[in-house]
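Enquirer: compute the structure for the input listed below.
(2 chains)
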There are 2 protein chains.
Amino acid sequence: MSIDREKFPPLYRTVAINDDGLNSHSYVPGGLDVVTSSPLSETPGANPEQFLGLALSTCLNATLEAIEKMRHLPHTSQVHTIVEYARDTKGFQFYVTAQIRIPDVDRQTAIAMADLAERRCPVAKLLGGSPNVTVALVDQFSDVEPVTVKAK
Amino acid sequence: MSIDREKFPPLYRTVAINDDGLNSHSYVPGGLDVVTSSPLSETPGANPEQFLGLALSTCLNATLEAIEKMRHLPHTSQVHTIVEYARDTKGFQFYVTAQIRIPDVDRQTAIAMADLAERRCPVAKLLGGSPNVTVALVDQFSDVEPVTVKAK
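Expert: Residues are numbered from 1 along each chain as shown, chains lettered A, B, ... in the order given. As a prediction, this is how the structure comes out:
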C-alpha cells in the first residue's frame, strides 16, 4: 500500500466510537448503533469478533462483485468469515478464516478471482501481514459449530 | 501471536456472512443483521469501513477496561477510530487512526495503559503489521469532518 495522502486523498471518512467498554454499545454518529457484550457471556450483543468478520466478508464480497462486473459475469460470489477468540502467549488473539465461494464459474477462473480480491480488498490488505488470517476459495462453506466457553 | 490451536483452543467462534455484495446486508446467523451500502452512495447503510472501526474501537476499549480493572481504576477510557477510504496504487486502501483517551489518570500512566492495550488487543495485533494503522493516545478527540466523494 502507498500511504501518500496527497496522491490518494480520502474519498470517504467515518468514525466509530466505543466509550463505555465491552458491555455497552458501539456506534457511528448518525449511523449504526449496536449493543455490545462479552463473547463469553450470555448477554445478547455484538462483539469485536463479529464486527471484524462483517468487515472482511463485506469488503471481500464487494471486491468480488466488482471483479465479476469487470468480467461481465453475473454476481454469484459469497463470503463467510469465521472468527475465533483464543488465549495467546500474551493476552488474547483471533483466528480469522475467510471462505470465498463463487459458484457457476470454472475452478481456474474462481482461483484467479479470489486471488485478485484478496490483493485488492482494503480489509484483506490490512490483515494480510498476519499469520492468523487465512483467505481460501471453497466449494462448500464449512459448517460452523458455535463455541462459547463461559467466562469464570 | 502464536497460532497453536492445541495450546490455545478457541474459547468463542462466530461467523459473519455477506452473500449479496455491497448493496445488500451482512449478518451473523442468529445475531446482528445490518443493511449495507457503498460508502460513496447516498443510500443509507453500513460499510466495511464502519465495521472495521467498530471492531477496533470496541476491542481496544474492552482491553483498556480490563487494564483499568487490573490497576483498580474506575473505567474512563474511550476509543474513537477514524477510517478513511482512498485509492491505492492497486485497488483501494483504508487509513485507520484509533484515538485513545483516558481522562483522570496522569500522562505517564495513560501512555503505559494505551501501549499495553495496543499490544494485547487482538484486533490491534491483527492490524499491527500495516503502516496504514495508527493507534495514538490523545487529550481530546479530533473533530471528524465527514468526507464523501460521490461515485461517478
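Enquirer: pLDDT at the one residue sitting closest to the centre of chain A, what is it?
Expert: Centroid-nearest residue in chain A, with C-alpha atoms, centre = their mean: residue A:56, separated by 1.8 Å. Looking at residue A:56, its pLDDT is 98.
Enquirer: in its sheet, what does the helix or strand of chain A with the lowest mean pLDDT sit against?
Expert: Of all helical and strand segments in chain A, the minimum by mean pLDDT, DSSP states H and E falls on strand A:147-148, at a mean of 80. With DSSP bridges as the test, strand A:147-148 is paired with strand B:12-18 (antiparallel).
Enquirer: now do the least confident helix or strand of chain A: everything it contacts.
Expert: With contact meaning C-beta atoms under 8 Å, 6 or more residues apart in numbering or on different chains, strand A:147-148 is reached by A:39, A:40, A:84, B:10, B:11, B:12, B:13. In this view, the C-beta of every residue, glycine as well, is placed from N, C-alpha and C.
Enquirer: can you show me the helices along chain A?
Expert: Applying DSSP state H to chain A gives helices spanning A:48-70, A:107-120, A:122-127.
Enquirer: the second one versus helix A:48-70: what angle between them?
Expert: Read it as helix A:107-120. Angle of helix A:107-120 versus helix A:48-70, following axes from the mean of the first three to the mean of the last three C-alpha atoms, to 10 degrees, is 120 degrees.
Enquirer: quick one: helix A:107-120 near chain B?
Expert: Yes. Figure legend: helix A:107-120 in contact with chain B (C-beta under 8 Å from any C-beta of the partner chain); contacting residues A:119, A:120.
Enquirer: how about that helix: buried residues?
Expert: A:110, A:113, A:114, A:116, A:117, A:118, A:120 (16 or more other C-beta atoms under 10 Å in any protein chain shown).
Enquirer: how about TSV for these, with pLDDT added?
Expert: Shown next, in TSV, are the buried residues of helix A:107-120 (pLDDT from 0 to 100):
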residue	pLDDT
A:110	98
A:113	98
A:114	98
A:116	97
A:117	97
A:118	97
A:120	96
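Enquirer: among these, which one lies nearest to chain B?
Expert: Closest approach between the buried residues of helix A:107-120 and chain B, by C-beta to the nearest C-beta: residue A:120, at 3.5 Å.
Enquirer: ok, now which ones touch that closest one?
Expert: Under the criterion of C-beta under 8 Å, 6+ apart, the neighbours of residue A:120 are A:63, A:66, A:67, B:90, B:91, B:92.
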